[in-house]
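Enquirer: Have a look; sequence and predicted model below, questions after that.
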Amino acid sequence: MTGSLVFRRWTVDGVRLTVDDDGFGRGETAVIAVRALFVALGLIVVWQVVIFVFAPPSFMLPPPAEVLAALRERPDLWRVHAVTTATETVIGLVTGTVLGMTLALLMSFVPTTRRMLLSLMVVSQALPVFAIAPLLVLWFGYGLGSKIVMATIAIFFPVASAFNDALTRTDGQLIDLARLYGASRVQQVMVLRIPAALPGLITGIRLAAVYAPIGALIGEWVGASSGLGYIMLQANARSQTDVMFAALFLLAAMSVLLRAIIDLSTRNLTPWVPETA
């Protein structure tokens, strides 16, 4: 019924379980947001207690009030550099996800390429991003290009690995049934393997959402003219620890927000595989 909540109830071993079909996602999201807020407030309280008890110099550990002042005094500056880092992160996340999915599907459609592509993926992750970052800056410049490439390199592996692993773990009985009905390999992948692998793909994307800001930040540390990483380098050279903490706060908030958006966007993509609490 439109505009109403539908409840289903089961009794298991004498315990009645109640499930709210329409409001489950929204209610759980609100609870997670409130918990995250309380965790953040708790960390700030602990931070202030450490300042009060040990009284470290501000250039080593500034009090929360100074960090808040650094954020409040130059909002235009923070907005410009935060937007730069957010743009690099989002484009890198999308590019890395598409590349990871493409490699995983290629290994599924053409099994003979699996060994070569898996080796290539492992080698790409065996080389630390810090080690190849100067080369990427040299090749792609100090602008968005090199940062997007670094974020893509950090992201595509967890997506490709999780998606490929899920594609290879489709129920064998379903594959045999599809073959019995004469389904081609393309049809098996499109109709059976991809839907069955969506939970694994979602897990890979959620992991990638955490790695994406790290790749962009590393690129900004190596060479950039804007971004939160650039601000942190400049502040470190001037011993402006409050500015460094402010940049870290914005980066953490960006990562949490990106992960929350991914969670909300993918929550209802696999209704046939419900999450259990």
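Expert: In hand now; what should we look at? Numbers count the residues shown, from 1 in each chain.
Enquirer: give me every residue that touches the residue most central in space within the chain.
Expert: The chain has Ala209 as the residue nearest its centroid, 1.0 Å off, counting by Cα atoms, centre = their mean. By Cβ atoms under 8 Å, 6 or more residues apart in numbering, the residues touching Ala209 are 93, 255, 258-259, 261-262. Any C-beta I mention is one placed from the backbone N, CA and C, and that applies to glycine too.
Enquirer: just Leu106 next, same as before
Expert: Under the criterion of Cβ under 8 Å, 6+ apart, the neighbours of Leu106 are 113, 117.
Enquirer: picking up where we left off before, closest one of the contacts of Ala209 to Ala166?
Expert: When those are compared for distance to Ala166, the smallest value, 16.9 Å, is given by Ile262; criterion: Cβ to Cβ.
Enquirer: could you measure the residue nearest to the closest one when sequence neighbours are not counted against Thr113, distance?
Expert: With Cβ to Cβ, 6 or more residues apart in numbering as the criterion, Ile262 has its nearest non-adjacent residue at 4.6 Å, and that residue is Ala209. Separation of Ala209 from Thr113 (Cβ to Cβ, to the nearest Å): 27 Å.
Enquirer: same question, Ala151
Expert: Computed with Cβ to Cβ, the distance linking Ala151 and Thr113 is 25 Å.
Enquirer: The two - which one has more neighbours?
Expert: It is Ala151, of Ala151 and Thr113, that has more neighbours when counted by other Cβ atoms under 10 Å, with 30 against 14.
Enquirer: Next secondary structure after the one helix or strand that one maps to?
Expert: When elements are assigned from DSSP states H and E, Ala151 belongs to helix 144-167. Toward the C-terminal end, the helix or strand that comes next after helix 144-167 (DSSP H and E) is helix 172-180.
Enquirer: for the record, mean pLDDT for stretch 259-275?
Expert: Taken as a whole, stretch 259-275 has an average pLDDT of 80.
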